[in-house]
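K.L.:
whatever this is, show me its structure:
(one chain, ligands or ions: 1)
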Amino acid sequence: MFFYMPTKVYQEKDVVINKSEEWCILGNRALIVTGRSSARANGSLADVIAALTSNKKEYVIFSEIEENPSVDTVMRARDMGISNKVDFVIGIGGGSPLDAAKAIALMIFHSGKDKDYLYTKGSDEALPVVAIPTTCGTGSEVTPYSILTRTELLAKGSIPHKVFPRYALVDSKYLGYAPVSVLHNTAVDALAHFYESYINTNATDYSRMMVEKGLKVWARSKDVLEGKREVASSDLDNMMLASSMAGMAISMTGTSLPHGLSYPVTVRRGMPHGMGVGYFQAGYLREADKTDRDNVLKWSGFGDADELADFYSKVCTAEKLDEEILILSAEEILSNEMKLKNCPYIVDREKMLRIVGVN
Ligand SMILES: [Fe+2]
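P.N.:
Prediction:
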C-alpha cells in the first residue's frame with residue numbers, strides 16, 4: 001500500500017494572486033497553456049498574468065489547446081516553449097489544457113526527443129508545472145496523468161509518463177463562469193472518478209478514505225445539478241473540492257472500465273468526456289460487489305443504480321449511443337489488459353455487453 005501525492009494544493013479565493021510569491025519561484029519565464037477562450041472569459045488568465053508581472057517573471061501564452069488535446073498540438077506548444085526558453089509551465093482550464101501542460105513540460109525537458117517519446121517509457125522528468133483548474137471534474141491538477149488523442153490511430157490514451165504538478169491552485173470563482181453543460185458534465189466526471197477508484201483492484205484504505213469523504217462533499221451540491229435550487233458560491237467550493245479529492249483517489253488507483261469504454265465514444269462520436277464516462281457508470285456499478293455498490297451510491301445520495309441512471313439522463317442529456325459504437329468500445333476494452341486489470345470483478349463478453357447496455 002502506498003500514499004503519494006506530491007502536489008501542493010491550495011484551495012481558496014484569489015489563490016493565484018495571494019500565493020504568487022510562493023509559486024512564482026518555480027522559474028523565470030513561463031509557458032502559459034490554455035484553451036481558446038475560457039481562461040480569458042473567467043479571469044484566470046488575467047490573474048496569472050498579474051501574478052507573474054508583480055513577481056517580475058516573463059511569460060508566453062499558447063492558447064490553442066483543443067478539447068481532447070492531440071499529440072500534434074502538444075508538440076507545437078513544446079516548440080514554442082523551447083524557442084522562448086521557458087523554464088516552467090502553467091496550465092489553466094479543464095482537463096484538456098492541464099493534461100496538455102504536463103505533456104508539454106515533459107517534452108520541453110526532453111527537448112532532443114521526438115513525439116514518439118510521449119508514448120515511450122523513460123524518464124518522467126519535466127519542467128515544473130502549476131495547474132489551475134477552472135472546471136470541476138478532471139482532477140488533473142492533482143494527478144500525474146496526461147490523456148492525449150493520437151489522431152492517426154483514432155485513439156485516446158494516457159501517456160506512460162507520470163508528471164504531478166508542483167502546485168494546484170484551486171479557486172472556485174472561475175467555475176462560476178462555466179456553461180451549465182460544462183458544470184454538469186465535469187461534475188459527472190468527478191463522480192465517475194470516485195466510483196471507478198472505489199471499485200478498483202488497486203483500491204486501498206487511503207484511496208477509499210478519499211472517496212468516502214469526497215462523495216459526501218460531492219453530494220452536498222447534487223440538488224444544484226438537478227436544478228432543484230440555485231447555485232451558491234459554497235456549491236462551487238464543494239464541487240471544486242470534490243473534483244480534487246476524486247483526482248487524488250484516481251492518482252492512487254487509476255480509473256476503470258467506464259473511462260476505457262468512453263475513449264472510443266469521445267474520439268468517434270464526439271461525446272464530451274464527462275458525458276461519455278457517465279454513460280457507463282450505472283452498468284459498471286450493477287455488476288459490482290453489492291456492499292461496494294451500496295456504499296458509493298449511499299455516500300453520493302442515490303438509493304440504487306436506477307436512481308443514478310435517472311440522474312445521469314437528466315443532468316447530462318446524452319443521446320442514446322448506437323449499437324455499433326457500443327460494441328466497438330466493448331471489444332476494444334476486452335482486449336485491453338491494462339484497463340481490465342483495474343476492474344475487481346471478472347468480465348466476459350456477455351457481462352461487458354450488459355455494462356454498455358447491449359443485450
Ligand atoms: Fe475522467
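K.L.:
strands along this protein, start to end?
P.N.:
For the chain, strands defined by DSSP state E occupy the ranges 8-11, 29-33, 58-62, 88-93, 129-133, 147-150, 155-158, 167-170.
K.L.:
for this protein, which helix is longest?
P.N.:
In the chain, taking DSSP state H as the definition, the longest helix is helix 233-253.
K.L.:
quick one: that helix to strand 129-133, angle?
P.N.:
140 degrees (axes from the mean of the first three to the mean of the last three CA atoms, to 10 degrees).
K.L.:
hang on, the earlier thing: mean neighbour count, distance to residue 220 and mean pLDDT added to the strands of the chain, as a markdown table?
P.N.:
For every residue, glycine as well, the C-beta is placed using N, CA and C. Below are the strands of the chain laid out as a markdown table (neighbours: other CB atoms under 10 Å; distance: least, CB to CB, whole Å; pLDDT from 0 to 100):
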| stretch | mean neighbour count | distance to residue 220 | mean pLDDT |
| --- | --- | --- | --- |
| strand 8-11 | 16 | 15 | 98 |
| strand 29-33 | 26 | 32 | 98 |
| strand 58-62 | 18 | 36 | 98 |
| strand 88-93 | 30 | 25 | 98 |
| strand 129-133 | 30 | 19 | 98 |
| strand 147-150 | 22 | 28 | 93 |
| strand 155-158 | 19 | 30 | 86 |
| strand 167-170 | 26 | 17 | 98 |
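K.L.:
how about JSON lines for those strands, with distance to residue 346 added?
P.N.:
JSON lines is the format used below for those (distance: least, CB to CB, whole Å):
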{"stretch": "strand 8-11", "distance to residue 346": "37"}
{"stretch": "strand 29-33", "distance to residue 346": "41"}
{"stretch": "strand 58-62", "distance to residue 346": "45"}
{"stretch": "strand 88-93", "distance to residue 346": "38"}
{"stretch": "strand 129-133", "distance to residue 346": "36"}
{"stretch": "strand 147-150", "distance to residue 346": "26"}
{"stretch": "strand 155-158", "distance to residue 346": "24"}
{"stretch": "strand 167-170", "distance to residue 346": "36"}
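K.L.:
and the ones you listed: which comes nearest residue 289?
P.N.:
Of all those, strand 155-158 sits nearest to residue 289, with 25.8 Å by CB to CB.
K.L.:
give me the sheet partners of the closest one and which way each runs.
P.N.:
In the sheet, strand 155-158 lines up against strand 147-150 (antiparallel) (DSSP bridges).
K.L.:
what residues does the strand it pairs with touch?
P.N.:
68-71, 74, 95, 99-100, 103, 118-119, 155-159, 267 (CB atoms under 8 Å, 6 or more residues apart in numbering).
K.L.:
filter those residues to the buried ones?
P.N.:
68-71, 74, 95, 99-100, 103, 118, 156-159, 267 (16 or more other CB atoms under 10 Å).
K.L.:
inside helices: which ones of these?
P.N.:
Counting by DSSP H, the buried ones among the contacts of strand 147-150 contribute 71, 74, 95, 99-100, 103, 267 to helices.
K.L.:
state the pair within those residues that is farthest apart.
P.N.:
Of all pairs drawn from those, the one with the longest distance (CB to CB) is 103 and 267, at 17.3 Å.
K.L.:
of all the ones in helices among the buried ones among the contacts of strand 147-150, which comes closest to residue 348?
P.N.:
Out of these, the member with the shortest distance to residue 348 (by CB to CB) is residue 267, at 25.3 Å.
K.L.:
surely the closest one and residue 155 touch.
P.N.:
Yes - counting by CB atoms under 8 Å, residue 155 is a contact partner of residue 267 at 6.6 Å.
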